[in-house]
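Trainee: Next come a sequence and a model predicted from it.
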Amino acid sequence: MEKLTYQEEEAMQAVWKTGEANVKAFLENMSEPGTPYTTLASTIKNLEKKGFLSSRLVGNAYLYRAKISEDEYKKRFMSSFVKDYFADSYKDLVNFFVGEKKLTASELKEIIDLIEKPGSDSSSH
């Protein structure tokens, strides 16, 4: 799947928040108020073309719904991000945040506890 632009990600956030609905309902759930209806409608159409949304005609209005869950998008986005910016190394990603003082020792301990928790899947990066 293609990467989304900032505007497309904002629209997808509204779709995930709203569920199946029309453009007007998505507009009401945009995190940045003031987005013109026509801009959002165009973005929604682009998202459908890219395969992120599907639509169905109900009466005289199209209802759109996400074809990919927010969690699935996050997984794909993060995998691509780590591959592109951290040579596919999650360790390098963590080291970056430690170096930038974005993670504390106690937060790292929490992460280690999550990894070591019985039943967790620590086989992936």
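Mentor: Good, I have the coordinates. Numbering: from 1, shown residues only.
Trainee: Mind jotting down where the helices sit in this structure?
Mentor: 6-18, 23-28, 37-49, 70-85, 90-99, 105-116 (DSSP state H).
Trainee: Output those in a markdown table; the columns should cover mean neighbour count.
Mentor: (Glycine included, C-beta is placed from N, CA and C.) Putting these into a markdown table (neighbours: other CB atoms under 10 Å) gives the following:
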| stretch | mean neighbour count |
| --- | --- |
| helix 6-18 | 18 |
| helix 23-28 | 18 |
| helix 37-49 | 16 |
| helix 70-85 | 13 |
| helix 90-99 | 13 |
| helix 105-116 | 10 |
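Trainee: Could you point out which of the ones you listed sits nearest S55?
Mentor: In terms of CB to CB, the element of the helices of the chain nearest to S55 is helix 37-49, at 5.8 Å.
Trainee: circling back: among the helices of the chain, which comes closest to G59?
Mentor: The nearest among those, by CB to CB, is helix 23-28 at 13.6 Å.
Trainee: Let me know the average pLDDT across that closest one.
Mentor: Averaged across helix 23-28, pLDDT comes to 96.
Trainee: Contacts for stretch 57-64, please.
Mentor: The contact list for stretch 57-64 (CB atoms under 8 Å, 6 or more residues apart in numbering) reads 15, 20-23, 26, 44, 47-48, 53-56.
Trainee: what sits against the nearest residue to Y73 once chain neighbours are set aside?
Mentor: In space, and not counting its chain neighbours, Y73 is closest to M12: 7.0 Å by CB to CB, 6 or more residues apart in numbering. The contact partners of M12, by CB under 8 Å, 6+ apart, come to L4, L47, F52, A66, E70, Y73.
Trainee: redo that, cut-off 7 Å
Mentor: M12 sits next to L4, L47, F52, A66 when contact means CB atoms under 7 Å, 6 or more residues apart in numbering.
Trainee: Now do the first one against N46, distance only.
Mentor: If I follow you right, that is L4. 9 Å (CB to CB, to the nearest Å).
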